[in-house]
Structure formats: C-alpha cells, structure tokens
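> pasting the sequence and the predicted model now:
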Amino acid sequence: MAQKTVTIVIDEKGDSEIDLDGFADNSCGKVFEDFRGKDKVKTERKKAAFYTSQPVDKRTSTGR
Amino acid sequence: MSKYGVLETNITEEKYLVAALKEMGYQAEVHANGAALYGYEGRERPETANVIIRRGQLDSASNDIGFARTADGRYVARLSEYDQAIGFDQKWLNRVHQLYKEKQTIAVARAKGYVFRGREVIKTEQGERIQLRFAIR
C-alpha cells in the first residue's frame, strides 16, 4: 500500500497548496480539513488517483 | 502627514503571528484588549491593535505597525502610508502571511499526529516558496 503523504507549498503571497497522495479511501477529506484550518478554500479538486485506486475485486459472471 | 490604511489579512491565531514576526526580527507586543499605536513623532494615535511592532524597531521615522483583531477573529494590518512606502508594503505583509502559515501548519500537524518529513525552500521568479512534507502514521 502506498504511503499517505501530505505536501504543503506556501507561496510568496502566503497562500498555500495542499497535495494529498496515496489515499485510496475517503480519509483524505479529514486530512484536507486538518491542514486547511480556518483558511478560505479557493479551489478544490480530486486527483485522478482518487478514482483509479479503488479496489476492483468484484467480477461479474457472464454465464455461458 | 501620516495616516493608516487597513489591509485585510487572513491571520487568525495570535501566537503564530507573533512567531512569524519574531522570525522576521521583531519583538511584537501582545495586548488582549488592544492598545494605541504611536506615530513617528511619538504621539498616540486613535488606531489600536492587539499585536504591535513599536516604531523603535522600525525605521527612525516609522510609525507603529499593528495587527488588529476583528469581530470575525481575523487580524488586519494597520500600516501607515509612510511605512508602506519604505518597504513595509504588501510584499512585506505577504512574508508575514507565509511565515505565519508555515508555523501554524507545522504546529497543527504535530498536534494532530502527522509525521514531519521535511522543509524545502523553492526559489522561483516570483519569490521563495516553502514546501512542507508530512506523512501519516
């Protein structure tokens, strides 16, 4: 399982970017809020990894 | 003639503001109920603030710089036109924001159990960016 990491980049204006990696579940929402604190959210988006890392363990039978 | 302008900041926690100012070389005063700012000539001004850098730490002709807490809990900077013109301007305030955010982020992350993995300063054409990395236990 990938290590869950949080990267914060604080730019020269004092604004910050939060980048969450390695999350395959919904816990990234709580982590995002932990780091957001009382800051205003300008933009927020989910990354491709959020969609592609879901477990695919259910298979359907095609019935011959 | 000198007068004060009000610039909105996004700072809400006094201790990290004081820590940011300390890193910039200032020993800020903290006044829970606010205190008057003084002008370059040593006269008390009508403006008050909760976190104050006294003019003695600034330029010889500077006025006090203050950060006043508003009703919604944010701090706004009170800066004279003169001081903005000699370098205590938006860029200076941006640096206060940047250091505030760094200190607040590290403290909150530690308090919530995240593991600090490192700090890196990234130089860009626009200025320095601070990158902080954390892992989850």
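In hand now; what should we look at? Residues are numbered from 1 along each chain as shown, chains lettered A, B, ... in the order given.
> would you mind checking the average pLDDT for stretch B:64-77?
Across stretch B:64-77, pLDDT averages out at 94.
> wait, stretch A:36-43
Averaging pLDDT along stretch A:36-43 gives 83.
> can you pull the contacts of the residue in chain A positioned nearest to chain B?
Here chain A gets closest to chain B at one residue, residue A:14, 2.4 Å apart by CB to the nearest CB. (C-beta placed from N, C-alpha, C; glycine too.) By CB atoms under 8 Å, 6 or more residues apart in numbering or on different chains, the contact list for residue A:14 reads B:10, B:94, B:95, B:96, B:97, B:98, B:100, B:101.
> could you list every residue that touches the most centrally placed residue in chain B?
The structure's chain B has its C-alpha centroid closest to residue B:96; by CA atoms, centre = their mean the separation is 4.2 Å. Neighbour list for residue B:96: A:14, B:9, B:11, B:17, B:20, B:21, B:24, B:77 [criterion: CB under 8 Å, 6+ apart].
> of the contacts of residue A:14, closest to chain A?
Nearest member of these to chain A, counting by CB to the nearest CB, is residue B:97, at 2.4 Å.
> tell me, how many neighbours does residue B:60 end up with?
Neighbour count for residue B:60, taken as other CB atoms under 10 Å in any protein chain shown: 7.
> no wait, residue A:33
Counted with other CB under 10 Å, residue A:33 comes out at 10.
> cool, and the one 4 residues further on?
The burial metric for residue A:37, expressed as a neighbour count using other CB under 10 Å, is 13.
> I'm done for today, thanks for sticking with me.
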